[in-house]
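S.K.: no sequence for this one, just the structure:
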């Protein structure tokens, strides 16, 4: 197991190093291409390799711009295999944090919940890797109130920390019915920047591909770096209108 992890780590670092070298070469080719198109002097730092760069430019076709990122490799099985999500808490969780973890398990179809006990994070990660877990979620609290969520994609990341605000749990609302556990359709809004797309990928790949007839919808709406979470089910009232019911 240790040898396998070391080999995978070396392969990952090698891919990142190659990616950086390819990106640097791509940037130099772009600078040369712009200089030739605008009939300007070639920048001093690329003059020695200008002929070689020009030769490689001839083989660049439309649609092949840019460098494939290791980010593409992180989620290469997204949509092919359902994610395997594991949810746990910080050490010595309060009863309220345990309830929150249970409710979080209902949000992600197929997710499993694990009691943290005294285990360290490193031991949890190793156990998750050994059992094919794709994402580890750890919730934190302050005086019984959930305040943080760590989402770590395995085996090599990315890992994101989300601060939780204004958490309302189902246990706080009386007379609630059962919650739909169908695979939901996802709506992501306001994630247009490069970082926003990265965060959007982290969140949406926690969910499996839904069926066309699923009436469950989950929304992540970003505004001023605050991500609002909304959970609805809908039913068609006629051929043009639907009725939304919020699932807390």
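M.R.: Okay, I see it. Note that this is a predicted model, so its numbers are computed, not measured.

S.K.: pretty sure residue 227 belongs to a strand, no?
M.R.: Yes - Residue 227 sits within a strand when classified using DSSP: H, G, I helix; E, B strand; the rest coil.

S.K.: surely it meets residue 221?
M.R.: Yes - between residue 227 and residue 221 there is a contact at 7.0 Å, judged by C-beta atoms under 8 Å. Quick note: C-beta positions are derived from backbone N, CA and C, even for glycine.

S.K.: These two: who's more crowded?
M.R.: residue 227 (20 against 14; other C-beta atoms under 10 Å).

S.K.: which stretches of this structure aren't confidently modelled?
M.R.: Within the chain, the ranges that satisfy pLDDT under 70 run 1, 58-73, 248.

S.K.: What residue spans form the domains of this structure?
M.R.: According to automatic domain parsing, the chain comprises the domains 2-68, 85-172, 185-246.

S.K.: Could I get those in JSON lines, plus columns for distance to residue 178?
M.R.: JSON lines is the format used below for those (distance: least, C-beta to C-beta, whole Å):
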{"stretch": "domain 2-68", "distance to residue 178": "41"}
{"stretch": "domain 85-172", "distance to residue 178": "9"}
{"stretch": "domain 185-246", "distance to residue 178": "11"}
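
S.K.: Highest mean neighbour count out of the ones you listed?
M.R.: domain 85-172 (a mean of 16; mean count of other C-beta atoms under 10 Å).

S.K.: helix or strand for residue 3, which one?
M.R.: Residue 3 belongs to helix 2-37 when assigned by DSSP states H and E.

S.K.: Compute the distance from the centre of that helix to the centre of its chain.
M.R.: Averaged C-alpha coordinates place helix 2-37 at 22 Å from its chain's average position (C-alpha atoms, centre = their mean, to the nearest Å).

S.K.: Who are the packing partners of it?
M.R.: On a contact count with 3 or more C-beta pairs under 8 Å, 6 or more residues apart in numbering; DSSP states H and E, helix 2-37 meets helix 50-57, helix 70-74.

S.K.: Once you drop chain neighbours, what's closest to the most centrally placed residue in the chain?
M.R.: When C-alpha atoms, centre = their mean is applied to the chain, the residue found nearest the centroid is residue 202 (0.8 Å). In space, and not counting its chain neighbours, residue 202 is closest to residue 160: 5.2 Å by C-beta to C-beta, 6 or more residues apart in numbering.

S.K.: Looks to me like the one you found is in a strand.
M.R.: Yes - assessed by three-state DSSP, residue 160 belongs to a strand.

S.K.: What's opposite residue 88 in the beta bridge?
M.R.: Here residue 88 sits in beta bridges with residue 138, as judged by DSSP bridges.

S.K.: Show me where the protein has its helices.
M.R.: For the chain, the helices defined by DSSP state H cover 2-37, 50-57, 70-74, 95-107, 121-130, 194-204.
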